[in-house]
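**Student:** Quick one: sequence and predicted model below, then my questions.
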Amino acid sequence: MRQRTILEDQIPIRVLCYGDSNTHGRDPKRKAEEGIKIRFPVGIRWTSQLQAMFGSKYEVIEEGLGGRTTNLDDPDSEGKNGLSYLIPCLESHDPLDIVILMLGTNDLKEAFNRTAIEITHASKELIEKIRHLIPNSKVLLVAPILVDELNQHAGKYKGATLKSKELATELKKLAEETNCSYIDLSKHIEPSKYDGLHIDEKDQFTVAKVIYQILIKLPFGQSPTG
């Protein structure tokens, strides 16, 4: 992929948000109470609030998909392999300057029987692919919120509470190893009381703010130090 040219330096810094339903903006309250899979509107989703904080100097691109894994095929839901879709996603949004990577929650489903270390290895694959295709890109690795496996709507996630805590620890090590910026969302917000998996409306602003505070400090032309 191309590096930024002098002319491209005059256009907004392009930020790709690559994640699952918590990037897509799933509304856990509506799903729990009405059984409706619906996303929060523009202006509520953390991605759009992040855009508002940046203003015109940045362009925030939403690439969230419910059920997306790091690198697993889901036999019950086609097209959810995050590694398989990553290459066409990066190429279709070229040029890119920053990639926010927030995956791992769906890998914690009991059916996949994955450890935190296995999910971290898969995340490393994604980072390596990003760095190969966009050599000068900044990568922000986000450890997702914890999973509350005791919530009645988190039945597919038996054993995921402890694993999600372990995942945050392992992803921090990975960020240091791969020179990525890093955020642990579990230190800022809790999973929704409605399903134990998603980000509530009241916490969308917090997510946008903590990500903004990291990205705004990234010095372009140098390595991220997050």
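**Tutor:** Received, thanks.

**Student:** so residue 159 touches residue 110, yeah?
**Tutor:** Yes. Between residue 159 and residue 110 there is a contact under C-beta atoms under 8 Å: 6.2 Å. (Glycine included, C-beta is placed from N, CA and C.)

**Student:** Next, the buried residues of the least confident helix or strand in the chain by mean pLDDT.
**Tutor:** Lowest by mean pLDDT, DSSP states H and E among the helices and strands of the chain is helix 28-34, with a mean of 91. For helix 28-34, the neighbour count (16 or more other C-beta atoms under 10 Å) marks 28-32 as buried.

**Student:** Report the contact partners of the residue most central in space within the chain.
**Tutor:** Relative to the mean C-alpha position of the chain, the nearest C-alpha, by C-alpha atoms, centre = their mean, is the one of residue 102, at 1.9 Å. Residues near residue 102 by C-beta atoms under 8 Å, 6 or more residues apart in numbering: 17-20, 22-23, 142, 144, 185.

**Student:** just the strands in this structure please.
**Tutor:** Assigned strands in the chain, in chain order: 13-19, 58-64, 98-102, 138-143, 181-184 (criterion: DSSP state E).

**Student:** Buried residues of stretch 138-152, list them for me.
**Tutor:** For stretch 138-152, by 16+ other C-beta under 10 Å, it's 138-149, 151.

**Student:** of those residues, closest to residue 92?
**Tutor:** residue 139 (18.2 Å; C-beta to C-beta).

**Student:** Give me the residue ranges of this protein where confidence is low.
**Tutor:** Counting by pLDDT under 70, the chain shows low-confidence ranges at 1-10, 220-226.

**Student:** How about residues contacting stretch 110-129?
**Tutor:** 69-72, 82-83, 86-87, 90, 101, 103-104, 107-108, 139, 141, 156-160, 163-164, 166-167, 169-171, 173-174, 177-178, 180.

**Student:** how about it: buried residues?
**Tutor:** 114, 116, 118-120, 122-124, 126-127, 129.

**Student:** Which ones among these map onto helices?
**Tutor:** Among the buried residues of stretch 110-129, the residues falling in helices (DSSP state H) are 116, 118-120, 122-124, 126-127, 129.

**Student:** ok, back up a step: roughly how far out does the least confident helix or strand of the chain sit from the chain middle?
**Tutor:** The chain centroid and the centroid of helix 28-34 are separated by 22 Å under C-alpha atoms, centre = their mean, to the nearest Å.

**Student:** can I have that helix written out in PDB, keeping just the CAs?
**Tutor:** Only the C-alpha atoms of helix 28-34 are listed here, as PDB (Å, rounded to 0.1, in the frame of the first residue of the first chain):
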ATOM      1  CA  PRO A  28     -27.900  -3.900  24.200                       C
ATOM      2  CA  LYS A  29     -31.000  -2.500  25.900                       C
ATOM      3  CA  ARG A  30     -33.200  -2.800  22.700                       C
ATOM      4  CA  LYS A  31     -31.900  -6.300  22.100                       C
ATOM      5  CA  ALA A  32     -32.500  -7.500  25.700                       C
ATOM      6  CA  GLU A  33     -36.000  -5.900  26.000                       C
ATOM      7  CA  GLU A  34     -37.400  -6.100  22.500                       C
END
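
**Student:** what residues does it touch?
**Tutor:** Under C-beta under 8 Å, 6+ apart, the answer for helix 28-34 is 36-38, 153, 192, 194-195, 197-201.

**Student:** Got a quick ChimeraX command for the buried subset of these?
**Tutor:** To isolate the buried members of the contacts of helix 28-34 in ChimeraX, using 16+ other C-beta under 10 Å:
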select :153,192,194,195,197,198,199,200
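
**Student:** All set, thanks.
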